[in-house]
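1. would you be able to build a 3D model of this:
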Amino acid sequence: EQLYGFAHPEWNLRRLGCDAYHLGSMAVFLFTRTAMTPLIFRHLAAQHFPNRWTEGYEKVLPYIRDAFAIAMEDFMQGLISGLKPTLGRAVRELCDPDPRLRGHPKDRIIEQFAVHRYISEFNLLARRAELGLSSELYI
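-> Numbering: from 1, shown residues only. The predicted structure follows:
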């Protein structure tokens, strides 16, 4: 959203929303060697790129959502089946193109961009992998 000039007027929410997006994007990068934004742009028509779009973020959001859905499919294809439910959901929530919908659904009302639930889930996935329980990676 910031590439399109959209920024939440409240600094703290803008920063935390950006942090949440970057956490999800980092997870994507660790498995694909491509961050989420380039993955989205891969599926976005050229006329919807930030350097060409002039009508504001709200009007380009449906196109970005479509590209995001395809980018998520690309990301999910590369994951082992045990990671798909947890990691796929976490990335989808953390990188949602609409900052109002970003973050864990259970935290959106009180502390929208809290990441403690994701940290716990990621730690559990890592621990199961360390123990060789890759076939039991479902949470």
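2. low-confidence ranges, this protein, go.
-> 133-139 (pLDDT under 70).
3. center of it - which residue?
-> Most central in the chain under CA atoms, centre = their mean is residue 95, positioned 2.0 Å from the mean C-alpha point.
4. what sits closest to that one if chain neighbours are left out?
-> residue 24 (3.9 Å; CB to CB, 6 or more residues apart in numbering). Quick note: C-beta positions are derived from backbone N, CA and C, even for glycine.
5. count the residues that sit near the one you found.
-> 24 (other CB atoms under 10 Å).
6. what's near enough to touch it?
-> If you count contacts by CB atoms under 8 Å, 6 or more residues apart in numbering, residue 24 has them with 36, 90, 91, 92, 93, 94, 95.
7. now tabulate those residues in TSV and tack on secondary structure and distance to residue 102.
-> Shown next, in TSV, are the contacts of residue 24 (DSSP: H, G, I helix; E, B strand; the rest coil; distance: CB to CB, whole Å):
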residue	secondary structure	distance to residue 102
36	helix	12
90	helix	12
91	helix	11
92	helix	10
93	helix	7
94	helix	7
95	coil	7
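8. if we only consider those residues, which is nearest to residue 7?
-> residue 95 (17.2 Å; CB to CB).
9. so what's that closest one up against?
-> Shown in contact with residue 95 (CB under 8 Å, 6+ apart): 21, 24, 25, 28, 36, 68, 102.
10. swap in 6 Å and give it another go.
-> 21, 24, 36 (CB atoms under 6 Å, 6 or more residues apart in numbering).
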